[in-house]
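K.L.:
Quick one, fold the following:
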Amino acid sequence: MAEVASEGLRYRKKLKARLNVERAALELVIEHGFGGVTVEDICERAEISKKTFFNYFSSKASAVMGRMDVFPDENRLIELLKEHADACYLDVLIDVVGARLSSGVDEGVVELRREALRSMPQLFFQGQRDLLAVQHSIAQALRLLLAECPGRRMLAGRSVEEEALVASSTAIGLARTRAMLHVHGDSAFSAADTRRMIAEYLLAGDEPAGSDAGSCTTRAQGI
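P.N.:
This is a model prediction of the structure:
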């Protein structure tokens with residue numbers, strides 16, 4: 001019991017320290033813009049060393065967006081997907097990716113992040129190298145999972161390689177869209193709700209030109 005209590009205390013201290021860094025980064029970005037803030041500035045505001053900063057975050061962007069934990073590798077992703085075998089695998093991936101786009105554990109930090117993202121939506125696109133690594137892990141996990149469990153495939157008429165690439169990029173895009181919707185509105189969309197909204201949007205593009213909705217080209221021409 002003492003070991004469990006000690007582990008819990010260490011976790012709470014680590015979490016408090018991480019949130020302190022996130023808060024400092026967000027306050028500075030709101031005050032000076034993303035380009036006007038350095039890691040050194042964040043360390044000074046949070047009263048920590050650069051070494052401590054990099055114990056928690058890989059970059060300034062990761063501190064602003066709340067990314068700390070290493071993204072699951074393909075083996076852990078496969079485990080997660082198998083644990084949720086009854087769910088659409090894309091929804092599971094959206095949730096896993098989305099967990100890296102916000103902290104969700106401190107209302108003050110959450111509101112600071114929403115304020116920063118509302119005024120500077122370009123922040124969603126910071127840390128692209130991190131997302132490339134995430135996409136690689138997802139694609140590799142799906143190559144292995146879908147070859148083993150073909151019943152879970154969503155693009156049966158395509159190769160596993162094509163489906164893995166489409167799914168990995170889509171999961172990242174949907175997680176980002178879900179986060180944007182939450183930042184600009186009061187509702188928290190589920191992974192499935194976000195996926196259905198995007199599907200509805202894309203299907204609307206297939207409406208015949210003579211329908212009430214009309215085509216993009218027709219509307220653009222003012223016809």
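
K.L.:
give me the number of residues near V29?
P.N.:
27 (other Cβ atoms under 10 Å). The C-beta positions use only the backbone N, C-alpha and C, and glycine is treated the same way.

K.L.:
E161 now?
P.N.:
Going by other Cβ under 10 Å, the residues that sit close to E161 add up to 13.

K.L.:
For it, which residues are in contact?
P.N.:
R143 (Cβ atoms under 8 Å, 6 or more residues apart in numbering).

K.L.:
The one 4 residues further on now?
P.N.:
Residues in contact with L165 (Cβ under 8 Å, 6+ apart) are A139.

K.L.:
Let me know the secondary structure of it.
P.N.:
Assigned with DSSP: H, G, I helix; E, B strand; the rest coil, L165 falls in the helix class.

K.L.:
For it, give its distance to L142.
P.N.:
Per Cβ to Cβ, to the nearest Å, L165 is found 9 Å from L142.

K.L.:
same check, this time on L28
P.N.:
Taken as Cβ to Cβ, the span from L28 to L142 is 38 Å.

K.L.:
So between the two, which is more surrounded?
P.N.:
Neighbours were counted for L28 and for L142 using other Cβ under 10 Å; L142 has more, 28 against 23.

K.L.:
Which residue, other than its chain neighbours, is closest to the more buried one?
P.N.:
A164 (4.0 Å; Cβ to Cβ, 6 or more residues apart in numbering).

K.L.:
looking at it, the one you found is touching S137, isn't it?
P.N.:
No. The criterion here is Cβ atoms under 8 Å, and A164 misses it with S137 at 11.1 Å.

K.L.:
Between the two, tell me which one has more neighbours.
P.N.:
A164 (23 against 19).

K.L.:
pLDDT score assigned to the more buried one?
P.N.:
Listed pLDDT for A164 reads 96.

K.L.:
Likewise for N75?
P.N.:
pLDDT recorded at N75 is 92.

K.L.:
Just the helices from this protein, written as ranges.
P.N.:
Assigned by DSSP state H, the helices in the chain fall at 2-32, 39-46, 50-56, 60-65, 74-83, 89-98, 107-119, 128-148, 160-184, 191-204, 216-220.

K.L.:
What residues sit buried inside the third one?
P.N.:
This means helix 50-56. Residues of helix 50-56 classed as buried by neighbour count (16 or more other Cβ atoms under 10 Å): 53, 56.

K.L.:
and the gap between N55 and L93?
P.N.:
In terms of Cβ to Cβ, N55 sits 28 Å off from L93.

K.L.:
how about low-confidence regions in this protein?
P.N.:
The chain contains residues with pLDDT under 70 at 1-8, 67-70, 99-105, 125-130, 186-187, 207-223.

K.L.:
Geometric centre of it: which residue is closest?
P.N.:
Nearest to the geometric centre of the chain sits G98, at 3.5 Å (Cα atoms, centre = their mean).

K.L.:
Is it in contact with I172, as I believe?
P.N.:
No. Applying Cβ under 8 Å as the test, G98 and I172 come out as separate, 9.8 Å apart.

K.L.:
OK, contacts around V183?
P.N.:
By Cβ under 8 Å, 6+ apart, the neighbours of V183 are 113-114, 117-118.
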